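> Make a model of this:
(one chain, ligands or ions: 1)
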Amino acid sequence: MARVFNFSAGPAALPEEVLQQAAAEMLDWHGAGMSVMEMSHRGKEFMSIAAQAEADLRELLAIPANYKVLFLQGGASLQFEMVPMNLLAGRSVADYVHTGEWAKKAIKAARNFCTVNVVASSEDEGFTYAPAQADWKLSRDAAYVHYTANETIGGVEFHWTPDTGDVPLVCDMSSNILSRPIDVSKYGLIYAGAQKNIGPAGLTIVIVREDLVGKAQPAPSAMLDYKTHVDAESMYNTPPTYAIYIAGLVFQWLKKNGGVAAMEQKNIEKAKLLYDYLDSTEFYRNPVRRQDRSRMNIPFTLRDAALDDEFLKGAKARGLVQLKGHRSVGGMRASIYNAMPKAGVEALVEYMREFEKNHG
Ligand code: PMP
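Here you go, the predicted model:
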């Protein structure tokens with residue numbers, strides 16, 4: 001069996017141990033005589049899987065008791081809409097920080113529901129930095145403040161948590177959740193699509209402070225109302241059962257490996273390996289301001305874009321795949337989430353060094 005180092009931005013690499021365990025349990029989960037995929041979501045077995053997954057996530061992120069954890073569908077993209085639908089609560093303004101492609105989509109969606117005040121934007125420098133809080137022009141009457149903790153395409157990450165006082169802070173954490181410790185109590189709501197650092201596509205996690213639930217005016221239809229899913233403990237309709245099971249295995253893997261604090265140290269090390277090399281040469285370039293560089297998604301360009309195809313071909317031949325940058329920015333992107341081992345980043349840097357030697 002030849003496993004590659006998969007640098008995809010999402011769906012992304014999963015820990016090999018998790019895949020092995022899922023394979024071992026595929027036909028018969030713990031003596032149930034069936035796969036988790038075949039279980040009733042309301043049966044005792046699956047209910048225990050979902051409850052354990054929630055308990056482990058709560059432990060990993062130290063989620064306070066007054067926060068609800070929801071296992072939803074529809075991706076982070078549906079949250080772009082559910083957030084304003086639910087959290088405006090009769091107000092007409094929401095504050096958004098504009099940091100790139102994903103913030104832009106969140107802003108566009110919110111504009112269908114309210115006046116969006118863009119409180120800060122890094123557009124002036126091609127979305128290559130995270131605007132300092134001192135430069136945010138917060139509204140006086142915003143229902144909430146939304147930002148994107150990690151721009152998956154631009155490779156810009158907030159390495160600090162904004163302080164919005166009494167105004168709920170809402171965060172799209174799709175591409176860096178569980179990569180580092182966070183203080184959940186500083187947030188009103190956190191959401192994340194699972195397919196990067198959590199598990200398979202099809203599952204979206206929402207962590208919401210309970211006093212923010214059920215305040216929508218008018219109440220959205222049932223499926224779009226957080227209250228429905230809180231009241232039904234994410235079982236209003238059939239949840240993405242298999243994705244929840246795999247996410248649960250990932251949470252156990254994280255716990256076994258020292259939790260998010262240990263993950264953060266590994267992620268710092270992995271990112272440093274690649275950034276240090278990028279900074280040591282003129283052959284490759286990362287455009288992001290140093291202190292805002294993402295530990296998860298590292299875009300880089302070759303000095304000569306005519307070499308891009310050859311670079312990708314050579315990488316693939318070595319089992320280094322999915323390095324092509326997002327179509328909107330070109331170049332390369334290495335996504336190195338929790339499940340990417342250090343050896344994968346080392347192999348990439350070694351290849352890049354060699355490619356430079358042969359073409360520089
Ligand atoms: N936000 C961010 C930061 C993302 O990276 C993505 C997906 N790449 C999305 C939102 C959209 O997620 P989904 O495809 O799950 O709707």
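
> was I right about residue 247 contacting residue 201?
No: Residue 247 is beyond contact range of residue 201, at 11.1 Å (criterion: CB atoms under 8 Å). Yep, even glycine has a C-beta here, placed from its N, CA and C like the rest.

> higher neighbour count, the two?
Set side by side, residue 247 and residue 201 show more neighbours around residue 247, with 26 against 17, by other CB atoms under 10 Å.

> What separation do you get for the residue located most distally from the centre of the chain and residue 208?
The C-alpha centroid of the chain is most remote from residue 358, which lies 35.7 Å away (CA atoms, centre = their mean). Computed as CB to CB, to the nearest Å, the residue 358 to residue 208 distance reads 52 Å.

> Let me see the ranges of the helices in the protein.
When assigned using DSSP state H, the helices of the chain occupy the ranges 16-24, 44-61, 75-87, 101-110, 226-231, 241-256, 259-279, 308-317, 342-359.

> average model confidence for the last one?
In this case it means helix 342-359. For helix 342-359, the per-residue pLDDT values average out at 98.

> I'd like the distance from it to the chain centre, please.
26 Å (CA atoms, centre = their mean, to the nearest Å).

> Next, the angle from it to helix 308-317.
Using axes from the mean of the first three to the mean of the last three CA atoms, to 10 degrees, the direction of helix 342-359 lies 140 degrees away from that of helix 308-317.

> Could you do the first one as well?
Comparing the axes of helix 16-24 and helix 308-317 via the same axes, to 10 degrees yields an angle of 60 degrees.

> contacting residues around stretch 239-259?
For stretch 239-259, the external contacting residues (CB atoms under 8 Å, 6 or more residues apart in numbering) are 14-15, 17-18, 21-22, 36-37, 39, 41, 46, 49-50, 52-53, 56-57, 59-60, 71-73, 178, 194, 198-203, 205, 260, 263, 338-339.

> Filter these down to the buried ones.
Applying 16 or more other CB atoms under 10 Å to the contacts of stretch 239-259, the neighbour count classes 14-15, 18, 22, 36, 39, 41, 46, 49-50, 52-53, 56-57, 60, 71-73, 178, 194, 198-203, 205, 260, 263, 338-339 as buried.

> restrict these to those near the ligand?
Residues shared between these and the neighbourhood of the ligand: none [CB under 6 Å from any ligand atom].

> Quick check, residue 268 in contact with residue 293.
No: under the contact definition of CB under 8 Å, residue 268 does not touch residue 293, with a separation of 11.1 Å.

> Would you mind telling me which of the two has the busier surroundings?
In this comparison of residue 268 against residue 293, neighbours counted by other CB under 10 Å, the higher total goes to residue 293 at 24 against 13.

> Now list whatever residues contact both of residue 247 and residue 201.
With contacts defined as CB under 8 Å, 6+ apart, the residues shared by residue 247 and residue 201 are residue 194.

> Would you enumerate the residues in contact with residue 176?
Under the criterion of CB under 8 Å, 6+ apart, the contact list for residue 176 reads 149-150, 157, 197, 294-296.

> Can you tell me which of these end up in strands?
Using DSSP state E, 150, 157 are the members of the contacts of residue 176 that sit in strands.

> closest to residue 163 among the contacts of residue 176?
Each of the contacts of residue 176 was scored against residue 163 by CB to CB, and residue 149 proved nearest at 14.5 Å.

> now the closest one, nearest residue through space, not along the chain?
residue 173 (4.8 Å; CB to CB, 6 or more residues apart in numbering).

> repeat for residue 287
Leaving out its chain neighbours, the residue that sits closest to residue 287 by CB to CB, 6+ apart is residue 128, at 5.0 Å.

> Domain parsing of the chain, as residue ranges.
The chain breaks down into these domains under automatic domain parsing: 17-256, 258-359.

> near the ligand, which residues of this structure?
Counting by CB under 6 Å from any ligand atom, the residues of the chain lying close to the ligand are 10, 75-77, 102, 148, 152, 172, 174-175, 193.

> I'd like a version of these in TSV, one that adds neighbour count and pLDDT as further columns.
Formatted as TSV, the entries for the residues of the chain next to the ligand read as follows, by neighbours: other CB atoms under 10 Å; pLDDT from 0 to 100:
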residue	neighbour count	pLDDT
10	20	97
75	18	98
76	24	98
77	15	98
102	21	98
148	30	99
152	27	98
172	28	99
174	28	98
175	29	98
193	26	98
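
> And the residues you listed, which is closest to residue 226?
Of all the residues of the chain next to the ligand, residue 76 has the smallest distance to residue 226: 14.9 Å, by CB to CB.

> show me the residues around the closest one that make contact.
For residue 76, the set of contacting residues under the criterion of CB under 8 Å, 6+ apart consists of 102, 172, 174, 191-193, 204.
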